[in-house]
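In: Build me a model:
(chains A and B)
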There are 2 protein chains.
Amino acid sequence: MKLTEEMLKSFAQEKIEFVHRTGLQVLEAKPGYVKCLMPARGNENHMGTMYAGAMFTLAEIPGGVMSLACFELGTYVPILKNMSIRYLKPARGDITFETTLPDEEIARVASDAQENGKADFILTGELKDADGLVVAITEGLYQVRATF
Amino acid sequence: MKLTEEMLKSFAQEKIEFVHRTGLQVLEAKPGYVKCLMPARGNENHMGTMYAGAMFTLAEIPGGVMSLACFELGTYVPILKNMSIRYLKPARGDITFETTLPDEEIARVASDAQENGKADFILTGELKDADGLVVAITEGLYQVRATF
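Out: Got it, this is the predicted structure:
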């Protein structure tokens, strides 16, 4: 079953209570491209910039959304294996994160998962403020596992 | 100013709204040793185990608590530079995290910060379930910056 963009947004924003509480928004979600936003309000640290865990969540959720957008729900389940985040600048205001997965890589992952029952893929991305300043960068190692 | 254990707990559990919403508890906090707990309730993912971002938060907060426990508030400010987390097993039930910083390392950081205005230190730790099963491991690179 392929999910529509509305279903992907609803899944990411409402399915996990922890994420729902943050007010995270999926701005765009399609095979190969996901963009999310974390609002500043309610997610500040003791210095008034965005709390590190909110930034992690902003960068983590797109991996699940990407998996659901690219690989059929019910056939593959995504899991997160490793994630690293590097904080570069204080994160002021709402922060966005976008990540891409090229067509060839989507095809490679689907083919490997079909053949071996699972396949790893890496998603990298930048967290940016409203002025386009990169405040953090991340690298996540995800795995899709075949359920057939 | 040195913070008491009660002040450290209150700071970690209540000062950051994002963290307060998770119900994170500081079980023990003293110079060189911090232990925290993340309750399962309200922090589950779509599969009923603990959401990756809740586990990250559980492992991130102790770095701030450790800094406040070891280095005088008002003299040093802690920041997080990098953090990596490796997920090993599904995290079922409440999860705890503990981390230590040896006396010699505390002294080295304080001395470096005094001399250079800042000093880096690494905190590693294991996230465990109630049976002691290690479900994830983390490594955080923190920095204390002198404000004098």
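
In: and the residue most central in space within chain A, what does it touch?
Out: Chain A has A:Pro62 as the residue nearest its centroid, 1.4 Å off, counting by Cα atoms, centre = their mean. Counting by Cβ atoms under 8 Å, 6 or more residues apart in numbering or on different chains, A:Pro62 touches A:Val34, A:Lys35, A:Cys36, A:Phe97, A:Glu98, A:Thr99, A:Leu123, A:Gly125. (Each C-beta comes from the backbone N, C-alpha and C, glycine too.)

In: So it lies in a helix, does it not?
Out: Yes: assessed with DSSP: H, G, I helix; E, B strand; the rest coil, A:Pro62 lies in a helix.

In: From chain B, how far out is it?
Out: Using Cβ to the nearest Cβ, to the nearest Å, A:Pro62 is found at 12 Å from chain B.

In: And for the nearest residue to that residue once chain neighbours are set aside, the neighbour number?
Out: Among residues not flanking A:Pro62 along the chain, A:Val34 sits closest, at 4.1 Å (Cβ to Cβ, 6 or more residues apart in numbering or on different chains). Counted with other Cβ atoms under 10 Å in any protein chain shown, residues neighbouring A:Val34 total 29.

In: about what we covered before: how about the contacts of A:Pro62 in TSV, adding pLDDT and secondary structure?
Out: TSV is the format used below for the contacts of A:Pro62 (pLDDT from 0 to 100; DSSP: H, G, I helix; E, B strand; the rest coil):
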residue	pLDDT	secondary structure
A:Val34	97	strand
A:Lys35	98	strand
A:Cys36	98	strand
A:Phe97	98	strand
A:Glu98	97	strand
A:Thr99	96	strand
A:Leu123	97	strand
A:Gly125	97	strand
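
In: and which of the residues you listed is nearest A:Asn116?
Out: Distance to A:Asn116 across the contacts of A:Pro62 (Cβ to Cβ) is lowest for A:Leu123, with 19.7 Å.

In: show me what contacts that closest one?
Out: Per Cβ under 8 Å, 6+ apart, neighbours of A:Leu123: A:Pro62, A:Gly63, A:Met66, A:Thr99, A:Leu101, A:Glu139, A:Gly140, A:Tyr142.

In: Just the buried residues of those.
Out: For the contacts of A:Leu123, a burial check counting by 16 or more other Cβ atoms under 10 Å in any protein chain shown picks out A:Pro62, A:Gly63, A:Met66, A:Thr99, A:Leu101, A:Gly140, A:Tyr142.

In: Between those residues, which sits nearest A:Ile85?
Out: A:Gly140 (9.0 Å).

In: you'd agree that closest one is up against A:Gly63?
Out: Yes: if you go by Cβ atoms under 8 Å, A:Gly140 and A:Gly63 touch, sitting 5.1 Å apart.

In: where do the contact lists of those two overlap?
Out: A:Leu80, A:Leu123.
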